[in-house]
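S.K.: kindly generate the corresponding structure for this input.
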Amino acid sequence: MKKKISMLMALVVVALMSMTFISCDDDDSDVANTLAGTWEGNMQVYYQYGGVTYEATYSQICFSQDPYSYSSGRGYWIDYYNRGGWGSDYIANHINWTVSNGNIYVHFIEEGTDIVITNYGLDDNYFDGEIVMDGVYTRFSLTHTSSPNWSNFHYGYDFNYYYGYGYAKPNGKFAPKEKPRRFIGKPNN
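M.R.: So this is what the prediction gives:
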């Protein structure tokens, strides 16, 4: 009888542990379901290019959920600028994202950089929290919006020659391409 009770208790513990792991996955998939869509607002990002700092006026982010995964997907992240020095008023990146243990991990495909979104509040209309990049934390605030036409953008840094991206003409010669570098927070002026 004592052996049956021990065996029964062991099964209960195993069942409770499996429910704990499932509930974490459920929480992540709930966040991913709410996150799916297009968001717009101030992500507190800036770029440095050619010795000049450019602050983004606003950002648009689309989180498209992977139909084969409950807590990850792909999407787009576009930061808009007033008179960007690289020949365009925006920088667009494709992204891969995943929700894991409550944090949102975003990888910028064209840049090859990563951020973590943490300490956030998220509902059907508002998304705010902290971005972490290279050990720097900054606050952001977004609202849920409709999707723009994502195919109208040129993604990454390798804009073609006609956009004048990355080219300067010091002394009448073309300078080598320089990638703008993304930072978060307020620039140190």
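
S.K.: dihedrals phi and psi, Asp30?
M.R.: The phi and psi values for Asp30, taken as degrees, to the nearest 10, are phi -60, psi -40.

S.K.: give me the pLDDT for it.
M.R.: Asp30 is assigned 92 on the pLDDT scale.

S.K.: what about it, how many residues close to it?
M.R.: Number of residues near Asp30 (other CB atoms under 10 Å) recorded here: 14. All C-beta atoms are positioned from the backbone trio N, CA, C, and that covers glycine.

S.K.: change the start of the numbering to 643 and stick with it
M.R.: OK, 643 is where the count begins now, so the last one is Asp672.

S.K.: if you tally nearby residues, what's the number for the nearest residue to Thr676 once chain neighbours are set aside?
M.R.: Nearest residue to Thr676, sequence neighbours excluded (CB to CB, 6 or more residues apart in numbering): Leu764, at 5.4 Å. Leu764 has 18 neighbours, counted by other CB under 10 Å.

S.K.: got it, and the one 5 residues further on?
M.R.: Residues lying near Phe769 (other CB under 10 Å) number 24.

S.K.: check the gap between the residue nearest to Thr676 and Gly777 for me.
M.R.: 24 Å (CB to CB, to the nearest Å).

S.K.: next: Gly726.
M.R.: 26 Å.

S.K.: neighbour-wise, which of the two wins?
M.R.: Gly726 (19 against 5).

S.K.: could you tell me the end-to-end distance of stretch 721-732?
M.R.: One end of stretch 721-732 sits 5 Å from the other (CA to CA, to the nearest Å).

S.K.: partners of the strand or helix carrying Arg716 in the sheet?
M.R.: Per DSSP states H and E: Arg716 is located in strand 714-722. Its sheet considered, strand 714-722 pairs with strand 700-707 (antiparallel), strand 732-742 (antiparallel) by DSSP bridges.
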